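*Asks:* Any chance you can model this:
(one chain, ligands or ions: 1)
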Amino acid sequence: MKMTIQKAILELAEGDITLQDTEAIVNAANTTLLGGGGVDGAIHRAGGPQILEECKWIGGCPTGEARITTGGRLKARYVIHTVGPVYRDGRHGEPELLASAYRSSLNLASQHKIKSVAFPSISTGAYGYPMEAAAQIALTTVRNYLEGHLGIRLVRFVLFGTMAYEVYERVLRAMREEGR
Ligand code: AR6
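*Replies:* Below you'll find the predicted structure:
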(Lines give C-alpha, C1' and ligand atoms only; values in the text may rest on other atoms or scores of the structure.)
Protein backbone atom coordinates (compact mmCIF):
# COMPACT_ATOMS: atom_id res chain seq x y z
CA MET A 1 0.00 0.00 0.00
CA LYS A 2 1.27 3.48 -0.92
CA MET A 3 0.49 7.10 -0.19
CA THR A 4 2.04 10.13 -1.86
CA ILE A 5 3.04 13.07 0.33
CA GLN A 6 4.38 16.13 -1.46
CA LYS A 7 6.71 14.35 -3.90
CA ALA A 8 7.59 11.51 -1.54
CA ILE A 9 6.17 8.02 -1.29
CA LEU A 10 5.17 6.47 2.02
CA GLU A 11 4.71 2.74 1.54
CA LEU A 12 4.02 -0.39 3.53
CA ALA A 13 5.64 -3.75 2.85
CA GLU A 14 5.71 -7.06 4.63
CA GLY A 15 9.15 -8.59 5.05
CA ASP A 16 12.61 -8.47 6.56
CA ILE A 17 14.24 -5.08 7.16
CA THR A 18 17.74 -6.47 6.58
CA LEU A 19 16.96 -7.26 2.93
CA GLN A 20 15.87 -3.76 1.95
CA ASP A 21 17.63 -1.90 -0.84
CA THR A 22 16.82 1.57 0.49
CA GLU A 23 19.83 3.83 1.12
CA ALA A 24 19.29 3.53 4.86
CA ILE A 25 17.52 1.08 7.12
CA VAL A 26 16.54 1.93 10.67
CA ASN A 27 17.47 -0.27 13.61
CA ALA A 28 15.22 -0.63 16.68
CA ALA A 29 18.16 -0.52 19.07
CA ASN A 30 18.63 -0.02 22.81
CA THR A 31 20.51 2.77 24.60
CA THR A 32 23.80 0.82 24.71
CA LEU A 33 23.84 0.39 20.89
CA LEU A 34 25.65 -2.86 21.60
CA GLY A 35 23.14 -5.18 19.97
CA GLY A 36 20.26 -7.35 21.11
CA GLY A 37 17.49 -9.53 19.70
CA GLY A 38 14.76 -8.83 17.13
CA VAL A 39 15.58 -6.30 14.42
CA ASP A 40 18.80 -5.33 16.19
CA GLY A 41 20.12 -8.89 16.23
CA ALA A 42 19.11 -9.46 12.61
CA ILE A 43 20.82 -6.27 11.42
CA HIS A 44 24.11 -7.02 13.18
CA ARG A 45 24.06 -10.63 11.96
CA ALA A 46 23.41 -9.65 8.36
CA GLY A 47 25.60 -6.53 8.33
CA GLY A 48 28.66 -8.00 10.01
CA PRO A 49 31.03 -6.73 12.73
CA GLN A 50 31.79 -3.32 11.27
CA ILE A 51 28.45 -1.94 12.41
CA LEU A 52 29.10 -2.98 16.02
CA GLU A 53 32.59 -1.45 15.89
CA GLU A 54 31.11 1.89 14.87
CA CYS A 55 28.40 1.60 17.52
CA LYS A 56 31.02 1.03 20.23
CA TRP A 57 32.85 4.12 19.09
CA ILE A 58 29.60 6.17 19.21
CA GLY A 59 29.07 4.97 22.78
CA GLY A 60 25.28 4.76 23.14
CA CYS A 61 22.12 6.68 22.32
CA PRO A 62 19.38 8.10 24.59
CA THR A 63 15.77 6.98 24.12
CA GLY A 64 14.05 9.02 21.40
CA GLU A 65 17.30 9.92 19.63
CA ALA A 66 19.18 8.36 16.70
CA ARG A 67 22.76 7.71 15.53
CA ILE A 68 24.11 6.66 12.14
CA THR A 69 26.65 4.06 11.02
CA THR A 70 27.55 2.51 7.70
CA GLY A 71 25.64 -0.57 6.58
CA GLY A 72 28.55 -3.02 6.63
CA ARG A 73 27.64 -5.94 4.37
CA LEU A 74 23.99 -4.90 4.03
CA LYS A 75 22.54 -3.66 0.76
CA ALA A 76 21.68 -0.43 2.56
CA ARG A 77 24.59 2.02 2.70
CA TYR A 78 23.64 3.28 6.17
CA VAL A 79 22.03 2.02 9.34
CA ILE A 80 20.24 4.61 11.45
CA HIS A 81 20.05 3.30 15.01
CA THR A 82 17.22 4.68 17.06
CA VAL A 83 15.90 3.82 20.50
CA GLY A 84 12.17 3.63 21.04
CA PRO A 85 10.57 3.68 24.50
CA VAL A 86 9.85 0.62 26.61
CA TYR A 87 6.04 0.59 26.90
CA ARG A 88 4.63 0.74 30.41
CA ASP A 89 1.09 2.12 30.26
CA GLY A 90 1.30 4.94 27.71
CA ARG A 91 1.40 7.59 30.44
CA HIS A 92 5.13 7.77 30.88
CA GLY A 93 6.00 9.79 27.80
CA GLU A 94 5.94 6.77 25.50
CA PRO A 95 4.00 8.43 22.63
CA GLU A 96 6.31 11.47 22.57
CA LEU A 97 9.43 9.31 22.76
CA LEU A 98 8.23 7.04 19.97
CA ALA A 99 7.44 10.02 17.73
CA SER A 100 10.84 11.47 18.59
CA ALA A 101 12.60 8.24 17.56
CA TYR A 102 10.99 8.48 14.10
CA ARG A 103 11.65 12.22 13.77
CA SER A 104 15.28 11.93 14.90
CA SER A 105 15.86 9.14 12.38
CA LEU A 106 14.39 11.21 9.56
CA ASN A 107 16.41 14.26 10.61
CA LEU A 108 19.62 12.23 10.43
CA ALA A 109 18.61 10.91 7.01
CA SER A 110 18.02 14.47 5.79
CA GLN A 111 21.37 15.64 7.17
CA HIS A 112 23.12 12.86 5.25
CA LYS A 113 21.12 13.58 2.08
CA ILE A 114 19.64 10.09 2.18
CA LYS A 115 16.73 9.74 -0.25
CA SER A 116 15.19 6.44 0.82
CA VAL A 117 14.69 4.95 4.28
CA ALA A 118 13.14 1.69 5.55
CA PHE A 119 11.73 1.55 9.08
CA PRO A 120 10.69 -1.41 11.20
CA SER A 121 7.83 -0.99 13.64
CA ILE A 122 9.90 0.49 16.47
CA SER A 123 9.13 -0.59 20.08
CA THR A 124 6.46 -3.14 19.12
CA GLY A 125 8.57 -6.24 19.83
CA ALA A 126 10.65 -6.64 22.98
CA TYR A 127 9.59 -3.15 24.13
CA GLY A 128 5.90 -4.09 24.15
CA TYR A 129 4.26 -1.06 22.50
CA PRO A 130 0.73 -2.01 21.34
CA MET A 131 0.87 -2.33 17.55
CA GLU A 132 -2.09 -0.14 16.64
CA ALA A 133 -1.11 2.77 18.88
CA ALA A 134 2.47 2.51 17.62
CA ALA A 135 1.32 2.42 13.98
CA GLN A 136 -0.74 5.57 14.50
CA ILE A 137 2.27 7.44 15.89
CA ALA A 138 4.71 6.02 13.34
CA LEU A 139 2.60 6.87 10.30
CA THR A 140 1.47 10.28 11.54
CA THR A 141 5.00 11.32 12.48
CA VAL A 142 6.47 10.25 9.14
CA ARG A 143 3.66 11.87 7.18
CA ASN A 144 4.07 15.15 9.06
CA TYR A 145 7.82 15.09 8.54
CA LEU A 146 7.50 14.47 4.79
CA GLU A 147 4.97 17.30 4.52
CA GLY A 148 7.50 19.70 6.02
CA HIS A 149 10.75 18.51 4.42
CA LEU A 150 11.71 17.85 0.83
CA GLY A 151 14.65 15.57 0.10
CA ILE A 152 13.58 12.15 1.32
CA ARG A 153 11.73 10.53 -1.58
CA LEU A 154 10.76 7.17 -0.13
CA VAL A 155 9.89 5.94 3.35
CA ARG A 156 9.05 2.25 3.53
CA PHE A 157 7.68 0.54 6.63
CA VAL A 158 8.80 -3.07 6.62
CA LEU A 159 6.36 -5.02 8.77
CA PHE A 160 7.19 -8.41 10.15
CA GLY A 161 4.29 -10.76 9.46
CA THR A 162 0.78 -10.37 8.11
CA MET A 163 -0.72 -9.19 11.38
CA ALA A 164 1.62 -6.22 11.69
CA TYR A 165 1.13 -5.37 8.02
CA GLU A 166 -2.64 -5.43 8.36
CA VAL A 167 -2.61 -3.14 11.37
CA TYR A 168 -0.44 -0.57 9.58
CA GLU A 169 -2.60 -0.86 6.46
CA ARG A 170 -5.76 -0.20 8.43
CA VAL A 171 -4.28 2.83 10.16
CA LEU A 172 -2.85 4.29 6.94
CA ARG A 173 -6.15 3.77 5.13
CA ALA A 174 -8.04 5.56 7.92
CA MET A 175 -5.54 8.43 7.82
CA ARG A 176 -6.00 8.76 4.08
CA GLU A 177 -9.78 8.68 4.30
CA GLU A 178 -9.94 11.20 7.08
CA GLY A 179 -7.45 13.41 5.25
CA ARG A 180 -5.96 14.32 8.60
N1 AR6 B 1 12.51 -7.17 9.94
C2 AR6 B 1 11.45 -6.38 10.21
N3 AR6 B 1 10.80 -6.37 11.39
C4 AR6 B 1 11.23 -7.25 12.33
C5 AR6 B 1 12.32 -8.12 12.13
C6 AR6 B 1 12.97 -8.06 10.86
N7 AR6 B 1 14.01 -8.85 10.56
N8 AR6 B 1 12.49 -8.84 13.28
C9 AR6 B 1 11.55 -8.45 14.16
N10 AR6 B 1 10.78 -7.48 13.59
P11 AR6 B 1 12.10 -5.50 18.24
P12 AR6 B 1 11.77 -3.12 19.98
C13 AR6 B 1 9.64 -6.73 14.17
O14 AR6 B 1 11.96 -6.40 19.41
O15 AR6 B 1 10.43 -3.55 20.39
C16 AR6 B 1 16.31 -5.58 20.85
O17 AR6 B 1 16.81 -6.57 21.70
C18 AR6 B 1 9.02 -7.25 15.44
O19 AR6 B 1 8.04 -8.24 15.13
O20 AR6 B 1 13.17 -5.77 17.24
O21 AR6 B 1 12.00 -1.69 19.60
C22 AR6 B 1 17.04 -4.24 21.00
O23 AR6 B 1 18.41 -4.44 21.28
C24 AR6 B 1 8.41 -6.01 16.04
O25 AR6 B 1 7.13 -5.73 15.50
O26 AR6 B 1 12.38 -3.96 18.73
C27 AR6 B 1 16.32 -3.60 22.16
O28 AR6 B 1 16.84 -4.04 23.40
C29 AR6 B 1 9.35 -4.90 15.60
O30 AR6 B 1 10.14 -5.45 14.54
C31 AR6 B 1 14.90 -4.06 21.98
O32 AR6 B 1 14.96 -5.29 21.26
C33 AR6 B 1 10.27 -4.38 16.70
O34 AR6 B 1 10.69 -5.44 17.53
C35 AR6 B 1 14.08 -3.09 21.17
O36 AR6 B 1 12.75 -3.51 21.17
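*Asks:* This structure against the ligand: which residues are in contact?
*Replies:* Within the chain, the positions adjacent to the ligand are 16-18, 28-30, 36-40, 42, 84, 120-127, 158, 160, 164 by Cβ under 6 Å from any ligand atom. Every residue, glycine included, has its C-beta placed from N, CA and C.
*Asks:* So how do I select the buried members of those residues in PyMOL?
*Replies:* Buried residues among those (16 or more other Cβ atoms under 10 Å), as a PyMOL selection:
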select buried, resi 17+18+28+29+30+36+38+39+40+42+84+120+121+122+123+124+125+127+158+160+164
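*Asks:* so of the residues of the chain next to the ligand, which ones are in helices?
*Replies:* Gly38, Val39, Asp40, Ala42, Ala164 (DSSP state H).
*Asks:* Please name the bridge partners of the residue most central in space within the chain.
*Replies:* Centroid check for the chain by Cα atoms, centre = their mean gives Phe119 as the closest residue, at 3.1 Å. Listed beta-bridge partners, Phe119: Phe157 (assigned using DSSP bridges).
*Asks:* same for the lowest-mean-pLDDT helix or strand in the chain, what does it pack against?
*Replies:* None of the helices or strands of the chain scores lower by mean pLDDT, DSSP states H and E than strand 2-5, at a mean of 92. Judged by 3 or more Cβ pairs under 8 Å, 6 or more residues apart in numbering; DSSP states H and E, the packing partners of strand 2-5 are strand 8-14, helix 131-148, helix 162-178.
*Asks:* cutoff 10 Å now
*Replies:* strand 8-14, helix 131-148, strand 154-159, helix 162-178 (3 or more Cβ pairs under 10 Å, 6 or more residues apart in numbering; DSSP states H and E).
*Asks:* and those, which is most packed in?
*Replies:* Stretch with highest mean neighbour count among the helices and strands packed on strand 2-5: strand 154-159 (a mean of 23; mean count of other Cβ atoms under 10 Å).
*Asks:* Which secondary structure elements does it sit against?
*Replies:* By 3+ Cβ pairs under 10 Å, 6+ apart, strand 154-159 packs against strand 2-5, strand 8-14, strand 24-28, helix 94-111, strand 116-119, helix 131-148, helix 162-178.
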